[in-house]
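Visitor: Provided below for reference: sequence and predicted model.
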Amino acid sequence: MTAAKVSTKTPVYLIHGEDEFTGTTKAKELIRQIIPPEDEILGLEMINARSDTVDEALVFLKQCREAVQTLGFLGNRKVTWLRNANFLDQSIIGKSKEVRARLKDLAEVIQSGLPEGHILVVTTPQVDEKLELYQVCKAAGAVIGYEAAKPWQRDKSAIPFAARLCQELGLTASNDVISALVRKSGTDSRQIQQEIEKLSVYMGDTRTVRIEDIEAVISPSRELFAWNLEDTVANRDLGASLRILRQLLFQKEAPIRLISGLESRFRSLLILREALDKGWIRLSNKFMTKGAITPEQEQLMYQALNDNRLKNPYAAGMRTKQATDFTYAQLDHCRQLILKTRRQLVSSSIPDSWLMDMLIVKICKKPGKAGNKTG
């Protein structure tokens, strides 16, 4: 997140990013540099602007205009916070002519000059950079943007965040319990905060949290991603793969997109399996290490993989480990199954969910004791 130094000469701060908790935290940090917490009752006017309809958005924008033009009780010190304004993007509400007109009106008010000492803070999940409001904020104020962590990075930050919140609320939880909480609640910081606050009330005087308490109280709201399915299928974990597939389809993930991810994964496994068989690479203590490979061969291998993440020895090691669970012939057979299912998805009347189920069962099925290792 870009840091911003607060100045009373900056009339407006626009903070945008998809994680509401992060945006809210940043806004609070800014506001506390202007108004001490003990003066917020008189010097801060907050408008919770999350809107489900055009009419609601219009009401909040009207309140915001009135607030920035009304003197505060602390003389020339006042902050107006338009919080979680979810209509500054290209959504149906955001594209409404009435909302756009009122946003333009607010931009003109800011451009003409707010009363001395007045500051407007706007937090929003997304913003259309073509908006007059965005342009005015950029020219006359400060725009602070932050990106949500990549899916594979979110657990890394969510687990210590959850552990800190538990500690602040006087809860004792082991690493396994914290991990179980995040697995169930998801990695959204606002959701984690709400779930831990709920857990704290549930625990009462007993402050040591057990796995059973997580199962009893925490709502299952974790969002899964296509790569979760790719990993479990490549690991031949049938039960987990089918559960993740159900969740992804519930999240309205397109089956054709899931198929594309699986095809890409098994293509990379084929390349790594061939490199293993030729002695170009080895798997050593969960890391991929070089074998008898020339610089030219190494360059060709990475060009074929076409995935910068696999230049990391540990990430490449995880993928190489998956490749070792298959023979080259089995991987080629799996890729043919994936391509066949792709064709069926676009040409067959068979339900997509059934086609995906059968594909996963066929890939995850391990050869029996007398099975043919070539698939």
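Guide: Structure's in. What do you need?
Visitor: When you work out contacts or count neighbours from here on, use the C-alpha atoms and nothing else.
Guide: Will do.
Visitor: Spell out the residue ranges of the strands in the stretch 151-300 of the chain.
Guide: Secondary structure of the stretch 151-300 of the chain by DSSP state E, counting those that start in this stretch: the strands cover 281-284, 287-290.
Visitor: need these in JSON lines with distance to residue 116, mean neighbour count and mean pLDDT, can you?
Guide: Formatted as JSON lines, the strands of the stretch 151-300 of the chain follow (distance: least, Cα to Cα, whole Å; neighbours: other Cα atoms under 10 Å; pLDDT from 0 to 100):
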{"stretch": "strand 281-284", "distance to residue 116": "65", "mean neighbour count": "18", "mean pLDDT": "88"}
{"stretch": "strand 287-290", "distance to residue 116": "60", "mean neighbour count": "18", "mean pLDDT": "87"}
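Visitor: Now for the nearest residue to residue 172 once chain neighbours are set aside, how many residues are close by?
Guide: Among residues not flanking residue 172 along the chain, residue 208 sits closest, at 4.6 Å (Cα to Cα, 6 or more residues apart in numbering). Residues lying near residue 208 (other Cα atoms under 10 Å) number 12.
Visitor: Residue 208 touches residue 177, doesn't it?
Guide: No: Residue 208 is not in contact with residue 177 according to Cα atoms under 8 Å; the separation is 10.1 Å.
Visitor: still on that earlier bit, show me the contacts for the residue nearest to residue 172.
Guide: 171-173 (Cα atoms under 8 Å, 6 or more residues apart in numbering).
Visitor: Nearest to residue 98 among those?
Guide: residue 171 (48.0 Å; Cα to Cα).
Visitor: With residue 219 as the reference, measure out to residue 239.
Guide: 21 Å (Cα to Cα, to the nearest Å).
Visitor: Ok, residue 42 next?
Guide: Applying Cα to Cα to residue 42 and residue 219 gives a distance of 37 Å.
Visitor: Also residue 135?
Guide: According to Cα to Cα, residue 135 and residue 219 sit 40 Å apart.
Visitor: ok, now residue 72?
Guide: According to Cα to Cα, residue 72 stands 41 Å off from residue 219.
Visitor: Looking at those two, which has the bigger crowd around it?
Guide: Set side by side, residue 72 and residue 219 show more neighbours around residue 72, with 19 against 15, by other Cα under 10 Å.
Visitor: The more buried one: what's it in contact with?
Guide: Residue 72 is in contact with 42-43, 78, counting by Cα under 8 Å, 6+ apart.
Visitor: Scan these and report the most crowded one.
Guide: Busiest of those [other Cα under 10 Å] is residue 78, holding 29 neighbours.
Visitor: Now do it, the pLDDT please.
Guide: Among the per-residue scores, residue 78 shows a pLDDT of 89.
Visitor: got it, and residue 307?
Guide: 80.
Visitor: do the same with the one 5 residues further on
Guide: On pLDDT, residue 312 comes in at 77.
Visitor: now the one 3 residues further on
Guide: As predicted, residue 315 sits at a pLDDT of 79.
Visitor: Could you report the neighbour count for the closest residue to it other than its chain neighbours?
Guide: What sits nearest to residue 315 in space, not counting adjacent residues and going by Cα to Cα, 6+ apart, is residue 309, at 6.6 Å. If you count neighbours by other Cα under 10 Å, residue 309 ends up with 11.
Visitor: Skip the chain neighbours and tell me the closest residue to residue 63.
Guide: Nearest one to residue 63, counting by Cα to Cα, 6+ apart, is residue 47 at 7.6 Å.
Visitor: Could you list the buried residues of whichever helix or strand the one you found is part of?
Guide: Using DSSP states H and E, residue 47 sits in strand 44-48. Neighbour-count burial for strand 44-48, with 16 or more other Cα atoms under 10 Å as criterion, is recorded at 44-47.
Visitor: pLDDT averaged over the following helix or strand past it - what is it?
Guide: For strand 44-48, the following helix or strand on the C-terminal side (DSSP H and E) is helix 54-68. Confidence for helix 54-68, expressed as mean pLDDT, is 93.
Visitor: Helix or strand next in line after helix 54-68, which one?
Guide: Remark: after helix 54-68, the chain's next helix or strand is strand 78-83, criterion DSSP H and E.
Visitor: Now the helix or strand just after that next one: buried residues?
Guide: The helix or strand immediately downstream of strand 78-83 is helix 97-112, counting by DSSP H and E. By neighbour count on 16+ other Cα under 10 Å, the buried set for helix 97-112 is 99-100, 102-107, 109-111.
Visitor: Measure how helix 97-112 sits relative to helix 54-68, angle-wise.
Guide: Per axes from the mean of the first three to the mean of the last three Cα atoms, to 10 degrees, the angle that helix 97-112 makes with helix 54-68 is 10 degrees.
Visitor: what does the average pLDDT come to for helix 97-112?
Guide: 93.
Visitor: is it true that residue 323 touches residue 270?
Guide: Yes: under the criterion of Cα under 8 Å, residue 323 makes contact with residue 270 at 7.3 Å.
Visitor: With residue 251 as the reference, name the closest of the strands of the stretch 151-300 of the chain.
Guide: Closest to residue 251 of those, according to Cα to Cα: strand 287-290, at 33.6 Å.
Visitor: Now tell me what touches the closest one from outside.
Guide: With contact meaning Cα under 8 Å, 6+ apart, strand 287-290 is reached by 280-283, 313-318, 320.
Visitor: Repeat the analysis, applying 10 Å as the threshold.
Guide: Contact with strand 287-290 is made by 272, 275-276, 279-284, 298, 310-321, as judged by Cα atoms under 10 Å, 6 or more residues apart in numbering.
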